[in-house]
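Enquirer: what follows is a protein structure lacking sequence information:
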């Protein structure tokens, strides 16, 4: 997975491969287990499709930064607001204007920096960004563990399909 071009899709393909191996229905499969295995396979495929949809949305977010014009306008108006805040509130706050405006400026500029840092959350060269490869690896390990548990339960005959009335 570390050498894959797209680790998340590689993990999804591996998961599909192992799901098909676990929930295979052949001529030797007990007739009572066939519908249960097909149902489990459909449910797991739906969950995997949902995960791939979420991955697509994350890649869309990561690949579409906020336009530079929008960011420059926001920062310009933020600086103008912060510069005028001291003059507008001097009569209301008196000498307390200096620490209040300093705290408000620190908070708003901090929010602007946090927004800029989270604009592209999946870069590999930034310290604060999310490690998408680690998320994929963890997800694949969890799913493989779940598949192993289900496979053991099927081997013991824990799942028996009982048709309804």
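Expert: Structure's in. What do you need? As the structure is a computational prediction, the values presented were derived from the model and not from experiment.
Enquirer: and the helices in this protein, which stretches?
Expert: With DSSP state H as the criterion, the chain has helices at 7-22, 34-63, 68-93, 97-117, 132-156.
Enquirer: show me what the first one is packed against.
Expert: Looking back up the chat, that one is helix 7-22. Applying 3 or more CB pairs under 8 Å, 6 or more residues apart in numbering; DSSP states H and E, one finds that helix 7-22 contacts helix 34-63, helix 132-156. (Each C-beta comes from the backbone N, C-alpha and C, glycine too.)
Enquirer: contacting residues around that helix?
Expert: Helix 7-22 has contacts (CB atoms under 8 Å, 6 or more residues apart in numbering) with 1, 4, 41, 44-45, 48, 51-52, 55, 132-133, 136-137, 139-140, 143-144, 147, 150-151, 154.
Enquirer: now it: buried residues?
Expert: Neighbour counts using 16 or more other CB atoms under 10 Å place 7, 8, 10, 11, 12, 15, 18, 19, 22 of helix 7-22 among the buried residues.
Enquirer: now stretch 59-69: average pLDDT?
Expert: Throughout stretch 59-69, pLDDT has a mean value of 79.
Enquirer: re the thing from before, just the closest of the buried residues of helix 7-22 to residue 108, please.
Expert: For the buried residues of helix 7-22, the closest approach to residue 108 (CB to CB) belongs to residue 8, at 35.7 Å.
Enquirer: distance check, that closest one against residue 145.
Expert: 18 Å (CB to CB, to the nearest Å).
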